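# Structure for the following, please:
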Amino acid sequence: MLSRAINESLFEAGFRFSYSITSHPRVISRAIKSNLCFDGRTLNYVRVVDMDRQLEAMPMERGWVVKAGYRILRGFNSVRNSLGPRVSRGCVSVVEDTGFGVEVEALWGRVSQYYGFMLKRDSGYLNWRYCDSRVGGFQIRKAYEGGVLLGYCVFRVNRFREEYPVGYVLDLVAVPGRVDVACMLVGEAVRCFDEAGVNVVNVMVMEGAWFIDALRLNGFLNSRVVLNVYLDPFGEVDRVRELTSVEPGRVLVAWGDHDAMPVQAPKVY
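Numbering: from 1, shown residues only. Next up, the predicted model:
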């Protein structure tokens, strides 16, 4: 009853749906039956430096299977990267920054034309989300070419478990098709994580995303863990279902869209 009252109030205020991630079985079942999940799968790509250390920190059933599978996939990925085309750095430069200004408005205008679903990533939102000094801990990298912003990456370390910090690439946005830009941004995040001694790094991505190759080139693999992201309408259900039916490759999802940065792995894949 409380939920219905809140949803009615939100609808009257102009909101049409919530965008959430859940692990609750009943919520997942309802979302799937109501066609409120995206047509594509929301995946978690992961980069693990030392799998033994990972399994020691986050024990799993049939851990030996996970360990063997990860090693096989990592070997296959290394061979594919060595045989594939090289990504040229060109005239792109990656710089560290502490906020977002007018330069991000033009980038937002370009990327928003490509995606059918994404949060509005203008300077107002990005500064509110990642640049509040009372929160801190967010790292920002930007990629420029000829003075034009082509992409940015926001990442952070969750140190809730002091003995085993967990890394997250929270937001990765670049001009669609510029795999070189995405690759350089992810590479800079990986370098920082390695320097900080972070063993595991996570990236949320929709299957079919154009920048998955940039993740693979930086050693990320599909963890085979499907994340349950869904839309919950307050009204106009058909319109919300139109959003969930957007072509998967044109849906941008990210850990930064949510407040979740888990420090525990599921026990069974």
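
# where exactly do the helices run in the stretch 1-150 of the chain?
Using DSSP state H, counting those that start in this stretch, the helices of the stretch 1-150 of the chain run over 2-12, 25-33, 51-57, 63-83, 103-111, 123-130.

# so what does the host helix or strand of Tyr168 touch, helix or strand wise?
Element membership of Tyr168, judged by DSSP states H and E, is strand 166-174. Contacts defined by 3 or more Cβ pairs under 8 Å, 6 or more residues apart in numbering; DSSP states H and E place strand 166-174 against helix 103-111, strand 148-158, helix 179-195, strand 200-206. Bear in mind the C-beta positions are built from the backbone N, C-alpha and C, glycine included.

# Which neighbours in the sheet does it have, and how are they oriented?
Strand pairing for strand 166-174, using DSSP bridges, gives strand 148-158 (antiparallel), strand 200-206 (parallel).

# and the next element down the chain from the last one?
Past strand 200-206, heading to the C-terminal end, the next element that is a helix or strand (DSSP H and E) is helix 212-217.

# With just CA atoms, put that following helix into CSV.
Output of helix 212-217 as CSV, limited to C-alpha atoms (Å, rounded to 0.1, in the frame of the first residue of the first chain):
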residue,chain,number,x,y,z
ILE,A,212,33.2,-4.5,-25.4
ASP,A,213,36.3,-5.0,-27.5
ALA,A,214,37.9,-2.2,-25.5
LEU,A,215,37.3,-4.2,-22.4
ARG,A,216,38.7,-7.4,-23.8
LEU,A,217,41.8,-5.6,-25.0
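
# I figured Tyr130 hits Cys153, correct?
No - assessed by Cβ atoms under 8 Å, Tyr130 is found out of contact with Cys153, at 10.9 Å.

# Perfect, I'm done here.
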